Structures are given as structure tokens and as C-alpha cells.
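S.K.: Fold the stuff below for me.
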Amino acid sequence: MEPDAYHRALIDPSGAFPTPESLAEDSNLTREQKVGLLRRWEYQAAEEDVALEEGMPGEETGLLRRILVALGELAGPLDLERTEPSKQHGIPRSATNSQNKD
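M.R.: As a prediction, the model looks like this:
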């Protein structure tokens, strides 16, 4: 992935990759880059889920679950025991310890 393309993906991962799985499988990215992009995508998907819960138009896509699965495969098991409750249902950065998996 070209540096400019990576920086664009940082802004909008879903605009750069058709699926979380395709991002996770991209051989041009390091594991750390993949985890960082998936974390950004996870935040965006969580925001969309909150909007749906608050009555905004749209439908549940299962995207957030797919992102979390991809994160777990890259970073190792997610430590959801330490997850603080939040409106976005997001996971803390410490839950994806990129040193869990080599």
C-alpha cells in the first residue's frame, strides 16, 4: 500500500477496503498498521450502531462483529473483561495488545 493510500485509509478505512477481512489479509500492511486501521474502523462502526440505537435510519449490518473478529485474529484474544461501559460499546486500546500474537 502506498503511503498516501495508507494515510487515506487512516481517515476512512471503509473507503479503502471493502471488508474488514480484506484489510486483515492485505499483505502490504504490517500487523500494527492493520490493528490500527481496524481500531479506527471499529470506532466508526460503533458510532453507527449507537446512531441506529437512537433511532437514526439504517439497518444492522454485523460490521462491528466482523471488525472485532478480525482484530482478535490479528492481535490475539480480546480482553473484554476490562472493557468499560460506554455508549459506543467500544473496546479499550489495552484490549488489543498487539504483542499478544507474533
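S.K.: got the buried residues for the longest helix seen in the chain?
M.R.: The longest helix of the chain (DSSP state H) is helix 31-53. In terms of neighbour count (16 or more other Cβ atoms under 10 Å), helix 31-53 has its buried residues at 33-46, 48-49. For every residue, glycine as well, the C-beta is placed using N, CA and C.
S.K.: Report the separation between the nearest residue to residue 69 once chain neighbours are set aside and residue 34.
M.R.: Leaving aside its chain neighbours, residue 69 sits nearest to residue 20 (7.6 Å; criterion: Cβ to Cβ, 6 or more residues apart in numbering). Plainly put, residue 20 is 10 Å away from residue 34 if you go by Cβ to Cβ, to the nearest Å.
S.K.: Could you do residue 76 as well?
M.R.: Here the criterion is Cβ to Cβ. By it, residue 76 lies 13 Å from residue 34.
S.K.: List the contacts of residue 14.
M.R.: With contacts defined as Cβ atoms under 8 Å, 6 or more residues apart in numbering, residue 14 is in contact with 41, 44.
S.K.: at 10 Å instead, please
M.R.: Residue 14 is in contact with 20, 23, 37, 40, 41, 44, 45, 48, 63, 67, counting by Cβ atoms under 10 Å, 6 or more residues apart in numbering.
S.K.: give me the element it is part of.
M.R.: In the assignment (DSSP states H and E), residue 14 maps to helix 13-16.
S.K.: For that helix, output the C-alpha coordinates as CSV.
M.R.: C-alpha atoms of helix 13-16 as CSV (Å, rounded to 0.1, in the frame of the first residue of the first chain):
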residue,chain,number,x,y,z
PRO,A,13,-10.8,2.5,6.4
SER,A,14,-14.1,1.5,4.9
GLY,A,15,-13.4,3.7,1.9
ALA,A,16,-10.0,2.0,1.3
